[in-house]
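K.L.:
Got a predicted structure plus its sequence, pasted below:
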Amino acid sequence: MKRFPFGLTIAAALAFVVLTGLGVWQVQRLAWKTDLLRRVDALRSAPTRPLGEILSLAAQGQDVEYRRVSARCLPSPAPSANAYRYALRDGQVGWRLVSVCHLDGAPFDGVLLDRGLVTRFTGAMAPQAAAFPNPVDVVGVLRSPGGKPMLGPGESSPATGPRVFRVLDTVAVGGIAADNRVRRPAPYIIALESEAPAPPGVVPAALPQDIPNNHLVYALTWFALAIIMSWFYVALLIRRLKGR
């Protein structure tokens, strides 16, 4: 009989906890993604509501993400400082135009607009400075800013030219708002479905056409790995204790 393998047992236990934890996390993600898909599907036929009405609900602490809204933007008090967000579209690099919609009244004096993909920048490694008409009448979907990137900053602007962002997180929202003299930006971004007049060469893309939901497969994979690892550990333990 050989000595009981305490080190192997501890390592196997830790691996089992990690693998099952990842499986549980994917089950939670499955519930979140299912609810998200339900909300996105309902949006496709949902009526729009005035932006001011919805932002008032947000100021009261209500979750208003994925609401369809309409708004009329005020004239900009200064030349607009547009920015761009990196995107992938049909396997190609793309750049989404980001502008500010100035609002009248409390609680917010502006909101960021994701106006869509700039067609002439498709495939370009970086967007060029370009002039676009200011937004006037817009319709779109409220989205929360993205999370802070795990690696590197959200902004990747070149030394010259427009500001460029990998992710529109809260820092980016505040920076773009400040560039456009917005002191109280709304904590949301409107992904536009349409605007009038439409800026030439900009294609709105508010909602993705196909959102994958593979979290059940991922969960089953992690659980299966935990079971397989446990089976190998038990088999190895039996052989070791028998001295084989």
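P.N.:
That came in fine, so what should we check first?
K.L.:
Tell me the buried residues in the helix or strand where residue 222 lies?
P.N.:
Following DSSP states H and E, one finds residue 222 within helix 215-241. For helix 215-241, a neighbour-count test (16 or more other C-beta atoms under 10 Å) marks 215, 218-219, 222-223, 225-226, 230, 233 as buried. Glycine gets a C-beta too; all of them are placed from N, C-alpha and C.
K.L.:
Let's have these in a markdown table, adding pLDDT and distance to residue 101.
P.N.:
Below are these laid out as a markdown table (pLDDT from 0 to 100; distance: C-beta to C-beta, whole Å):
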| residue | pLDDT | distance to residue 101 |
| --- | --- | --- |
| 215 | 89 | 35 |
| 218 | 92 | 38 |
| 219 | 91 | 40 |
| 222 | 93 | 43 |
| 223 | 93 | 46 |
| 225 | 93 | 48 |
| 226 | 92 | 49 |
| 230 | 90 | 55 |
| 233 | 87 | 59 |
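K.L.:
The residue most central in space within the chain and residue 160: what is the separation?
P.N.:
Note on the chain: the residue nearest the mean C-alpha position is residue 146, at 4.4 Å, using C-alpha atoms, centre = their mean. Relative to residue 160, residue 146 is positioned 26 Å away (C-beta to C-beta, to the nearest Å).
K.L.:
Break the chain into its domains for me.
P.N.:
Using automatic domain parsing, the domain ranges for the chain come out as 1-44+212-244, 48-203.
K.L.:
ranking those by burial, who's on top?
P.N.:
When the domains of the chain are scored by mean count of other C-beta atoms under 10 Å, the highest mean neighbour count falls to domain 48-203 (a mean of 17).
K.L.:
end to end, how far does that one reach?
P.N.:
According to C-alpha to C-alpha, to the nearest Å, domain 48-203 extends 20 Å from its N-terminal end residue to its C-terminal end residue.
K.L.:
for the record, mean pLDDT for that domain?
P.N.:
Domain 48-203 shows a mean pLDDT of 86.
K.L.:
now that domain: how far from the chain's centre is it?
P.N.:
Taking C-alpha atoms, centre = their mean, to the nearest Å, one finds the center of domain 48-203 at 13 Å from the center of the full chain.
K.L.:
The longest helix belonging to the chain to helix 215-241, inter-axis angle?
P.N.:
For the chain, the longest helix by residue count, based on DSSP state H, is helix 6-43. Here the directions of helix 6-43 and helix 215-241 differ by 170 degrees (axes from the mean of the first three to the mean of the last three C-alpha atoms, to 10 degrees).
K.L.:
what's across from residue 96 in the sheet?
P.N.:
Beta-bridge partners of residue 96, counted by DSSP bridges, are residue 85, residue 117.
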